[in-house]
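Asks: Got a sequence here, can you model it:
(chains A and B)
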Amino acid sequence: DTGVSQNPRHKITKRGQNVTFRCDPISEHNRLYWYRQTLGQGPEFLTYFQNEAQLEKSRLLSDRFSAERPKGSFSTLEIQRTEQGDSAMYLCASSLYQGLTEAFFGQGTRLTVV
Amino acid sequence: GESVGLHLPTLSVQEGDNSIINCAYSNSASDYFIWYKQESGKGPQFIIDIRSNMDKRQGQRVTVLLNKTVKHLSLQIAATQPGDSAVYFCAEAEGAQKLVFGQGTRLTINP
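Replies: Residues are numbered from 1 along each chain as shown, chains lettered A, B, ... in the order given. Predicted coordinates for the structure are as follows:
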């Protein structure tokens, strides 16, 4: 088990372009979370899945953001028409849903919008 | 809405001393709490968790204390080492829902 894997680790894009990030959770974990983190702040919740079902989306998540987990394994987060304010670290975490269990994070994808 | 906050944004301690990092939470319905450590450029790393039916839990060199009466959480690190330098976040959850994070405390270990 190699833990939660995120790709790419870094992404630089021009404003207005679309970007997609991938997260591969720990294999037996059925919960998958996306968070966003800006410098000096704690991770901010974006959305989470249980298996392939998206159970909650943050009200902060604009229509430009979409996440999928089509087969209940890996997940993708897409940002359309990127803006400079989207620059942040995007973190993925997974957990095994059996009541209350810890979530394990990946190393994140750092997005820079220029 | 619920929020998780920290009393101090920075903490400096001497190597070998004990560190105490504090956290206040506002959602009285939260029943699960986690402490994470985050080093520069890396994702948060799980340290220790505690459920609301417990007041104290110990790990290797770390202890988490939970005071539900005043909605306060603390992380104690014994005999701090240079490798303990990082930002520490507390996070809380209600039921088996999402984790809500605080701003974090930067711990610096002085030689």
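Asks: need the strands for chain A, in chain order.
Replies: In chain order, chain A shows strands spanning A:5-7, A:10-13, A:19-24, A:31-37, A:44-50, A:53-57, A:65-68, A:75-79, A:88-95, A:104-105, A:109-113, with DSSP state E as the criterion.
Asks: Let me have these in CSV, extended by distance to residue B:27.
Replies: C-betas here are computed from N, CA, C, even on glycine. As requested, those are exported to CSV (distance: least, C-beta to C-beta, whole Å):
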stretch, distance to residue B:27
strand A:5-7, 29
strand A:10-13, 34
strand A:19-24, 27
strand A:31-37, 18
strand A:44-50, 14
strand A:53-57, 16
strand A:65-68, 25
strand A:75-79, 26
strand A:88-95, 19
strand A:104-105, 22
strand A:109-113, 29
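Asks: Can you check which of these gets nearest to chain B?
Replies: Nearest to chain B among the strands of chain A is strand A:104-105; the distance by C-beta to the nearest C-beta comes to 3.7 Å.
Asks: Next one: the closest one, is it in contact with chain B?
Replies: Yes: residues of strand A:104-105 contacting chain B under C-beta under 8 Å from any C-beta of the partner chain: A:104-105.
Asks: pLDDT averaged over that strand, what's the number?
Replies: Across strand A:104-105, pLDDT averages out at 93.
Asks: Give me the neighbour count for the closest residue to residue B:79 other than its chain neighbours.
Replies: For residue B:79, ignoring the flanking residues on the chain, the nearest one in space by C-beta to C-beta, 6 or more residues apart in numbering or on different chains is residue B:16 at 5.7 Å. Burial of residue B:16, expressed as a neighbour count using other C-beta atoms under 10 Å in any protein chain shown, amounts to 11.
Asks: Quick check: which element contains residue B:16?
Replies: Secondary structure assigned from DSSP states H and E places residue B:16 in neither a helix nor a strand.
Asks: How about residue B:92?
Replies: Residue B:92 is part of strand B:86-93 when elements are defined by DSSP H and E.
Asks: how about the strands of chain A, which one is nearest residue B:46?
Replies: Closest approach to residue B:46 among those (C-beta to C-beta): strand A:104-105, 6.2 Å.
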